[in-house]
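Asks: predicted model, plus sequence, below.
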Amino acid sequence: MTQLIAYLQFSGQCREALTFYQQCLGGEIYLQKVAESPMAAQMPSEAGANIIHGTLTKDGAVIVMGSDMLGPRLKPGNSIALCLSCSSDDELYACFDKLSAGGQVVTPLHQSFWGATYGELTDKYGILWMLNHSRN
């Protein structure tokens, strides 16, 4: 099923924020550190403890996602992206093409290290979208 999820980006507070949201909303947290990911070799060693990807799920549904990978294009206050979790590659490619029309592709669609087809774009209104289709 296609699902639209808020993706929050932090500068070192992802673990703390998702723990807080868990205390408020319930659910289970999954956190992956930079040091535990294939990206570790490409990142400075001091980034190893940062969260590359985290999720808060409840009753089998993702409530919110987040990371400490706050890039130069984002600053606290505008660090929310919309993550569209698609149900098929066909849907993913169609949505990516439509949403990127008049906007800018940030990360072209590709096979990610976490086993999904993934890409990022900023739409013509300046909204950052993260599109993902996982076969898991």
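Replies: Received the coordinates, thanks.
Asks: in three-state terms, label the residue lying farthest from the centre of the chain for me.
Replies: Relative to the centre of the chain, and counting by C-alpha atoms, centre = their mean, the farthest-placed residue is Gly102 at 22.3 Å. Look at Gly102: counting by DSSP: H, G, I helix; E, B strand; the rest coil, its state is coil.
Asks: right, and it touches Asp123 too?
Replies: Yes: judged on C-beta atoms under 8 Å, Gly102 makes contact with Asp123 at a distance of 7.5 Å. Every residue, glycine included, has its C-beta placed from N, CA and C.
Asks: returning to that earlier point: excluding chain neighbours, what is closest to the residue farthest from the centre of the chain?
Replies: With sequence-adjacent residues excluded and distances taken as C-beta to C-beta, 6 or more residues apart in numbering, Gly102 is closest to Lys124, at 3.6 Å.
Asks: in a strand, the one you found, correct?
Replies: No: note on Lys124: no strand contains this position according to three-state DSSP, which reports coil.
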